[in-house]
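Enquirer: Need coordinates for the following:
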Amino acid sequence: MRVRTGGVTAAKGFEAAGVEAAIKYQNRKDMAVIYSRKPCILAGTFTSNVVKAAPVLWDKKIVEESPFGQAVIVNAGIANACTGKEGYSYCEQTAEAAAGALNVPRDAVLVASTGVIGKQLPMDRIAAGVEKLAKAKADTLDAGTQAAEAIMTTDTHSKQVAVEIDVKGVKVTLGGMSKGSGMIHPNMCTMLAFVTTDAVISKELLTRALKEDVVDTFNMISVDGDTSTNDTLLVMANGMAENEEIKDGTPEYEEFKAALHYINETLAKMMAGDGEGATALLEAKVIGAATREEARILSKSVVCSSLTKAAVYGHDANFGRMICALGYSGVSFDPEKVDLFFESKAGRIQVCKDGIATDYSEEEASRILSEPEVTILADMKMGNETAAAWGCDLTYDYVKINADYRS
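Expert: Okay, the predicted model is just below:
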């Protein structure tokens, strides 16, 4: 696997664009398109929130019932959630507008929205934006970057990644982009993520790979514990690499899964580190757990702890908060066996051994916690399973951003 520059336009046959449509924001890009020159196999995972935005309902139907997909239209600023039948009809209208502008079937168009809940989309601006996107789309790196920038809301930077693998001598590429900074606590599988690939692979196998991988990637991040109404992760495979079809149980499938995992984990960590107001990416890694699922639960409990997040922001080695978070996770373990470490580029320090504080240096621990990427490592000494979760510190700016988000 080779990491390369790019995002959703890296794979053969994919085009993208980002334009200004004034959906909510002024003087910034707020609509994007991903388009494939050939029909695509689709796979997707969506929010588990009972309250599902209209685009989620539309996309689930397209992924499950349509023979193929060929385009995605995304708008930022208005989520089209809690908008009833009218909001769903706007998904239909957006798809119809894109079908005409891109010359694809209406049922091959997926839609995604992110932003304020409860407001209806300005369909005149959406329709005009679709026309602009159709004219602007291209297969260049810049076009992919423009699309990644256009889907941002409170994100501070765009998020994209691409990799290449060899399938029996044929180059296959995967690329992706995502957005997400607040209301991030995916359980899907406000975050949106889109992955494109030119691989030849069946819908069944692509869907299996995605659903198995999301458990250890997007489902292992949390910024604020709020699961969005709009969480959507879509994968489009157009087969334009013309490789021999990737089959189950082969080395090629294992390599494809590894590439998909790299894309998903990289985008997920980018979102966690770009949490609203964040100054640090927080990783909680659990080793020595009895089962993989227990390791996931334990690590997620640490990154979701508000007190842990605040301690990381203050560079305060208050390890009791992490031990506490492990304790209320619901997983049974012996607290007198737990070892706890802090790690970063500044070094590594053990702060707890067998459930008891070590004679560690507060100054050194604080220095380690002052880095932009920090890991809290917990050894449960209960087994051989491991898992990692990602979040961010909790700052004053998180409250400021969300106190006036609608203004």
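Enquirer: how close does Thr153 sit to Lys179?
Expert: 7 Å (Cβ to Cβ, to the nearest Å). The C-beta positions use only the backbone N, C-alpha and C, and glycine is treated the same way.
Enquirer: Equivalent analysis for Ala16, please.
Expert: Applying Cβ to Cβ, the value for Ala16 to Lys179 is 14 Å.
Enquirer: List the buried residues in the strand or helix carrying Ile297.
Expert: Using DSSP states H and E, Ile297 sits in helix 292-304. Across helix 292-304, burial judged by 16 or more other Cβ atoms under 10 Å covers Glu294, Ala295, Arg296, Ile297, Leu298, Ser299, Lys300, Ser301, Val302, Val303, Cys304.
Enquirer: and which of these is nearest Phe319?
Expert: Phe319 lies nearest to Val302 out of the buried residues of helix 292-304, by Cβ to Cβ, at 10.7 Å.
Enquirer: which ones are touching that closest one?
Expert: Ala284, Val286, Thr308, Met322, Ala325, Leu326, Ile376, Ala378, Ala389 (Cβ atoms under 8 Å, 6 or more residues apart in numbering).
Enquirer: and the closest residue to it other than its chain neighbours, helix, strand or coil?
Expert: Nearest non-adjacent residue to Val302, counting by Cβ to Cβ, 6 or more residues apart in numbering: Ala284, 3.7 Å away. Here Ala284 is strand, with the state taken from DSSP: H, G, I helix; E, B strand; the rest coil.
Enquirer: Residue numbering should commence at 32 henceforth.
Expert: Sure, I'll start numbering at 32, so the last one becomes Ala315.
Enquirer: who are the neighbours in contact with Ala315?
Expert: With contacts defined as Cβ under 8 Å, 6+ apart, Ala315 is in contact with 329-331, 333-334, 353, 406-407, 409, 419-422.
Enquirer: Reformat these as JSON lines; add distance to Asp173.
Expert: Listed next are the contacts of Ala315 as JSON lines, based on distance: Cβ to Cβ, whole Å:
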{"residue": "Leu329", "distance to Asp173": "43"}
{"residue": "Ser330", "distance to Asp173": "37"}
{"residue": "Lys331", "distance to Asp173": "37"}
{"residue": "Val333", "distance to Asp173": "39"}
{"residue": "Val334", "distance to Asp173": "34"}
{"residue": "Met353", "distance to Asp173": "43"}
{"residue": "Thr406", "distance to Asp173": "35"}
{"residue": "Ile407", "distance to Asp173": "38"}
{"residue": "Ala409", "distance to Asp173": "43"}
{"residue": "Ala419", "distance to Asp173": "33"}
{"residue": "Ala420", "distance to Asp173": "34"}
{"residue": "Trp421", "distance to Asp173": "29"}
{"residue": "Gly422", "distance to Asp173": "32"}
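Enquirer: Tell me which helix or strand Cys383 sits in.
Expert: strand 378-384.
Enquirer: same check, this time on Gly160
Expert: Here Gly160 sits within helix 154-167, counting by DSSP H and E.
Enquirer: Now the element after that helix, going C-ward?
Expert: helix 172-181.
Enquirer: Please put the alpha-carbon coordinates of the next helix or strand along the chain from that next one into PDB.
Expert: With elements assigned by DSSP H and E, the helix or strand that comes after helix 172-181 is strand 190-198. Taking C-alpha atoms only, strand 190-198 is exported to PDB below (Å, rounded to 0.1, in the frame of the first residue of the first chain):
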ATOM      1  CA  LYS A 190      -9.800  16.300   5.400                       C
ATOM      2  CA  GLN A 191      -8.800  14.000   2.500                       C
ATOM      3  CA  VAL A 192      -6.500  11.000   1.900                       C
ATOM      4  CA  ALA A 193      -5.600   8.600  -0.800                       C
ATOM      5  CA  VAL A 194      -3.700   5.300  -1.200                       C
ATOM      6  CA  GLU A 195      -2.800   2.900  -4.000                       C
ATOM      7  CA  ILE A 196      -2.500  -0.900  -3.900                       C
ATOM      8  CA  ASP A 197      -1.600  -3.600  -6.500                       C
ATOM      9  CA  VAL A 198      -4.200  -6.200  -7.500                       C
END
